[in-house]
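Undergrad: sequence and predicted structure are below.
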Amino acid sequence: MQPQAVALESRHKLHVLTLTPFYPRNEDDTCGCFISEPLRLMPELGVSSTVISVHPVYRQDGYTARRGLRDGGYLPIPGNLGLSSAGLFLYAGLRARLHRLHRARPFDVIHAHAALPCGQAARILSRDLRIPFVVSVHGLDAFATQQVRGLPGRWCETASRKVYVSARSVICVSEHVKQCVLAGMKGTPVACRVAYNGVDPMRFSPGQGGDNSEPMILSVGNLHPIKGHELVVRAVAALKDTYSDLRYEIIGMGPEAHRLRALAEKLDIKSRVLFLGRCSRQEVADKRRQCSVFVLPSRYEALGCVYLEAMACGKATIGCHGQGISEIIRHGENGWLIKPESLAELVDGLFHLLGNPSLSERLGREGRRTTAEQFTLHHQAEHWLRIYRECIA
């Protein structure tokens, strides 16, 4: 992996070392925005941060370091086979550098994002530097046993458990994630708590988004089967006679792109489905303001910042029951929920929201109110600060 460290200069008292595999890069400013954006607010709260953004050296993916980031590197065992030990290699690659940084300006807390590899490295660094560490869990695969199968998956499970037991706090982005962690610990005590992600209410806000005379459905998310894009394509086909000018725009990239294009052509709605690929944060915000309804019927979702962003823009938002977002969306009050993989419920929801502007507008207003009152970046940053203070108390 290829770490970059950037010190967010500040004279404040609390100094946090953040280890994360998720962070924006020149080619993709959306990557890891759920970490970088609240971090930018931390100096206002009396916290300075040193961020280590790690990337495998053998998996560049067009990565270009942002100006001001200091390059480093280490080489883990490639592929999923090496995930259970990746944190050990990360620690070895960072140890000397972080000891120098700690001597120059001591860290108070380590915040690792994901158990492997960052939490594993933080666990050892915590002992070395004699400071506490916390670990955030951003997905439902908290033990990497879905990503890595068989014996290597069991190694990942064991390594993750050690991280969670050792952490001063395990920060889960939803109650759904928390329950996954607790179930995987199988009765072993662990200090879990929920800290929801937040949204920038200024960037993602209602406003003039363009001509809304033609209904447009928007999805934002990687093109993987679990995200439910196929369900939306089929729903558009079912509604094409009712809404003759309906179109569906998709922001995201992934392995499903070719199959989804083929499905749209087969269902005779090729001209109605537009694949936009990767877009910048600002382009995403602009598209949200242009859409009539936001929908992502994901059946495996820890929380989903994309829903919060759509709600913050005042748009009627459709998600699925039983996923992290169902802790925030109240069906028929501030959004719309369907059963996972239910085409009938999705078609019915879109029919009601597209055909009833007053209903759609009411849900959008309440969605905006919900995010403004409880789920902004400031809420997220303040929650992190409370956790940090408790760790060093």
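TA: Received, thanks.

Undergrad: ranges for the helices of the stretch 1-150 of the chain?
TA: 33-39, 86-104, 120-129, 150-166 (DSSP state H, counting those that start in this stretch).

Undergrad: make JSON lines from those helices and add distance to V347, mean neighbour count and mean pLDDT to it.
TA: No exception for glycine: its C-beta is placed from N, CA and C like everyone else's. Below are the helices of the stretch 1-150 of the chain laid out as JSON lines (distance: least, Cβ to Cβ, whole Å; neighbours: other Cβ atoms under 10 Å; pLDDT from 0 to 100):
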{"stretch": "helix 33-39", "distance to V347": "31", "mean neighbour count": "21", "mean pLDDT": "94"}
{"stretch": "helix 86-104", "distance to V347": "43", "mean neighbour count": "18", "mean pLDDT": "93"}
{"stretch": "helix 120-129", "distance to V347": "45", "mean neighbour count": "22", "mean pLDDT": "97"}
{"stretch": "helix 150-166", "distance to V347": "37", "mean neighbour count": "18", "mean pLDDT": "97"}
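
Undergrad: gap between the closest residue to L363 other than its chain neighbours and Q323?
TA: In space, and not counting its chain neighbours, L363 is closest to A316: 4.4 Å by Cβ to Cβ, 6 or more residues apart in numbering. Applying Cβ to Cβ, to the nearest Å, the value for A316 to Q323 is 17 Å.

Undergrad: list the buried residues for stretch 363-370?
TA: Within stretch 363-370, the residues that count as buried by 16 or more other Cβ atoms under 10 Å are 363-364, 366-368, 370.

Undergrad: as a whole number, average confidence for it?
TA: Mean pLDDT, stretch 363-370: 98.

Undergrad: neighbouring contacts of that stretch?
TA: Stretch 363-370 has contacts (Cβ atoms under 8 Å, 6 or more residues apart in numbering) with 205-206, 310-317, 328-329, 332-336, 353.

Undergrad: for the helices of the stretch 1-150 of the chain, which one sits closest to V273?
TA: Proximity to V273 (Cβ to Cβ) singles out helix 33-39 among the helices of the stretch 1-150 of the chain, at 25.9 Å.

Undergrad: rewinding a little: filter the contacts of stretch 363-370 to the buried ones?
TA: Here, 16+ other Cβ under 10 Å leaves 205, 310-317, 328-329, 334-336, 353 buried among these.

Undergrad: looking at those, which are in strands?
TA: 316-317, 336 (DSSP state E).

Undergrad: for the residue of the chain positioned farthest from its centre, which three-state class applies?
TA: Distance to the chain centre peaks in the chain at D241, reaching 35.6 Å (criterion: Cα atoms, centre = their mean). Secondary structure for D241, judged by DSSP: H, G, I helix; E, B strand; the rest coil, is coil.

Undergrad: which residues of this protein fall in strands?
TA: Going by DSSP E, the chain shows strands at 4-8, 14-20, 47-53, 70-71, 109-113, 133-137, 169-172, 192-194, 216-220, 247-251, 273-277, 293-295, 316-320, 336-338.

Undergrad: which stretch in those strands has the least confidence?
TA: Of all the strands of the chain, strand 70-71 has the smallest average pLDDT, which comes to a mean of 42.

Undergrad: ok, back up a step: closest to G93 among the ones in strands among the buried ones among the contacts of stretch 363-370?
TA: T317 (41.3 Å).

Undergrad: the closest one reaches I338, doesn't it?
TA: No: using Cβ atoms under 8 Å, T317 is not in contact with I338, being 11.6 Å away.

Undergrad: wait, isn't G322 in contact with E341?
TA: No: in this structure, G322 is not within contact of E341 by Cβ under 8 Å, at 11.2 Å.

Undergrad: residue ranges with poor pLDDT in the stretch 201-350 of the chain?
TA: 208-212 (pLDDT under 70).

Undergrad: which one of the strands of the chain lies nearest to L182?
TA: Going by Cβ to Cβ, the one of the strands of the chain nearest L182 is strand 192-194, 6.2 Å.

Undergrad: tell me how many other residues crowd G221.
TA: 19 (other Cβ atoms under 10 Å).

Undergrad: how far away is the closest residue to it other than its chain neighbours from E44?
TA: Nearest non-adjacent residue to G221, counting by Cβ to Cβ, 6+ apart: K227, 4.6 Å away. Here K227 is placed at a distance of 34 Å from E44 (Cβ to Cβ).

Undergrad: neighbour count winner among the two?
TA: K227 (25 against 11).

Undergrad: how near is the more buried one to S360?
TA: 22 Å.

Undergrad: do L343 as well
TA: Counting by Cβ to Cβ - L343 and S360 are separated by 20 Å.

Undergrad: got the domain ranges for the chain?
TA: 4-198+377-392, 216-374 (automatic domain parsing).
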